[in-house]
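Colleague: Next input, structure requested:
(one chain, ligands or ions: 1)
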Amino acid sequence: MRTIDYAQALREAASAAGLTAGSGRVADYIPALAEVDPDAFGMAVATVAGELYTVGDATTPFSIQSISKVFALAAVMSLDGDAIWKRVGREPSGTPFNSLVQLEAERGYPRNPMINAGALVVTDRLLELTGDAFGAIRGLLRQEAVRPDLDSDPRMIRSEAENSHRNAAMAHLIASHDNLVNDVAAVLEHYTAQCAIEATCADIAVSAGFLARGGVLNSGESLLTASQTKRLNSVLLTCGNYDAAGEFAYRVGLPGKSGVGGGILAVIPGTATVCAWSPRLDRAGNSVAAVAALDAFTSVTGASIF
Ligand code: DON
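Modeller: Down below sits the predicted model:
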């Protein structure tokens, strides 16, 4: 098997990211998100052998936002097996991450767990199973990440809570179709707190390592079976980047999950997990520089699933 020169690949990825300088806009529909340095860029690779490679601002904490949906779904699947699929689908939506249109037409059954509507149902189930959905997600990240004290930013929680009309509308619509068990307010509170977790590229790459190791955590314990891990990665490939999932698969060729904080997690099954971060987003809500960096990374290394 060809060995990959990760340090060199990261340098080339960073230089591809640099070519996008100034493109895209930082998310501001959650006002606190707009307070970051728009031109920050970092990237980390965690290999299944336990090595960590970084470039740029890979140890600067940022708001993980929708990347939390991956850890929430993993936690639910580990506790509950396949039961979640009775309440949420696994088809790409082809619509923006916070669209209400499909949810109304499909009677409160969200297309997939990576759009906001689906993530609200996953968080609801995790709350039902554990009594503390946010605590379960933060606990998993703390256990697996580089920094065991990572946490949510209370200002980000407040900023999103004051501007979460669309998520509240979705949660009420889902509840009106009897697909929410807990109070809407409680589900929104846990969901908003999980999105406001701050982590670095290194934290995210290392803590998602189980996705490259067939479900095995850094401790050697299994969180998911190999089959569940395959299924979770397939959901990331088809749904992880919303209405740009096809473009992401075309350019990067890996399962991935973006967040409006500008982070993107990508998985090279059996090999490594990668996280790239830069706050300027394209129209679908995905980081322009992080996609460019991941595109260059897989082109240089050949490390794609295709
Ligand atoms: O619910 C929201 O709108 C945000 N907390 C998360 C959205 C998000 O990260 C979508 N990602 N591209």
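
Colleague: Residue 263 against residue 204, yeah?
Modeller: Yes - the pair residue 263 / residue 204 is scored as a contact, 6.4 Å apart, by Cβ atoms under 8 Å. In this view, the C-beta of every residue, glycine as well, is placed from N, C-alpha and C.

Colleague: If you count surrounding residues, which of the two has more?
Modeller: Neighbours were counted for residue 263 and for residue 204 using other Cβ atoms under 10 Å; residue 204 has more, 33 against 26.

Colleague: re earlier: tell me, what's touching residue 263 and residue 204 both at once?
Modeller: By the contact definition Cβ atoms under 8 Å, 6 or more residues apart in numbering, residue 263 and residue 204 are jointly contacted by 64, 67, 275.

Colleague: Can you give me the separation between the first one and residue 52?
Modeller: In this view, residue 64 and residue 52 are 18 Å apart by Cβ to Cβ, to the nearest Å.

Colleague: okay, those two: which has more neighbours?
Modeller: Comparing residue 64 with residue 52 by other Cβ under 10 Å, the one with more neighbours is residue 64, at 31 against 17.

Colleague: show me what contacts that one?
Modeller: So residue 64 contacts 195, 197-199, 204, 259, 261, 263 (Cβ under 8 Å, 6+ apart).

Colleague: now with 10 Å?
Modeller: Each residue near residue 64 by Cβ atoms under 10 Å, 6 or more residues apart in numbering is listed here: 70-71, 137, 141, 150, 152, 194-200, 203-204, 257, 259-261, 263, 265, 275, 277.

Colleague: Residue 151 too?
Modeller: Taking Cβ under 10 Å, 6+ apart, one finds 61, 138, 141-142, 193, 196-199 in contact with residue 151.

Colleague: Distance check, it against residue 80.
Modeller: 26 Å.

Colleague: Do a quick rundown of the helices in the stretch 101-250 of the chain.
Modeller: Under the criterion DSSP state H, counting those that start in this stretch, helices of the stretch 101-250 of the chain are mapped to 101-105, 116-130, 133-144, 154-161, 165-176, 184-195, 201-207, 226-239, 245-251.

Colleague: Can you list the buried residues in the last one?
Modeller: In this case it means helix 245-251. 245, 248-249, 251 (16 or more other Cβ atoms under 10 Å).

Colleague: again, but for the shortest one
Modeller: When burial is assessed from 16+ other Cβ under 10 Å, helix 101-105 yields the following buried residues: 102-103.

Colleague: tell me, which of the contacts of residue 151 make contact with the ligand?
Modeller: Residues of those in contact with the ligand (Cβ under 6 Å from any ligand atom): none.

Colleague: can you put these in JSON lines and add neighbour count and pLDDT?
Modeller: Output for those, formatted as JSON lines (neighbours: other Cβ atoms under 10 Å; pLDDT from 0 to 100):
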{"residue": "61", "neighbour count": "18", "pLDDT": "98"}
{"residue": "138", "neighbour count": "20", "pLDDT": "98"}
{"residue": "141", "neighbour count": "25", "pLDDT": "98"}
{"residue": "142", "neighbour count": "18", "pLDDT": "98"}
{"residue": "193", "neighbour count": "24", "pLDDT": "98"}
{"residue": "196", "neighbour count": "27", "pLDDT": "98"}
{"residue": "197", "neighbour count": "30", "pLDDT": "98"}
{"residue": "198", "neighbour count": "17", "pLDDT": "98"}
{"residue": "199", "neighbour count": "27", "pLDDT": "98"}
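
Colleague: ranking the helices of the stretch 101-250 of the chain by burial, who's on top?
Modeller: Mean neighbours per residue, mean count of other Cβ atoms under 10 Å, is largest over the helices of the stretch 101-250 of the chain for helix 201-207, with a mean of 28.

Colleague: who does it touch, helix- and strand-wise?
Modeller: strand 42-47, strand 52-56, strand 62-63, helix 68-80, helix 133-144, strand 198-199, strand 263-268, strand 272-277 (3 or more Cβ pairs under 10 Å, 6 or more residues apart in numbering; DSSP states H and E).

Colleague: Give the other helices and strands that the second one contacts.
Modeller: For strand 52-56, the contact count by 3+ Cβ pairs under 10 Å, 6+ apart identifies helix 6-18, strand 42-47, helix 201-207, strand 272-277, helix 288-301 as packing neighbours.

Colleague: what's the answer for the fourth one, then?
Modeller: Under the contact criterion of 3+ Cβ pairs under 10 Å, 6+ apart, the helices and strands touching helix 68-80 comprise helix 116-130, helix 133-144, helix 184-195, helix 201-207, helix 226-239, strand 256-258, strand 263-268.

Colleague: elements contacting the last one?
Modeller: Applying 3+ Cβ pairs under 10 Å, 6+ apart, one finds that strand 263-268 makes contact with strand 42-47, helix 68-80, helix 201-207, helix 226-239, strand 256-258, strand 272-277, helix 288-301.
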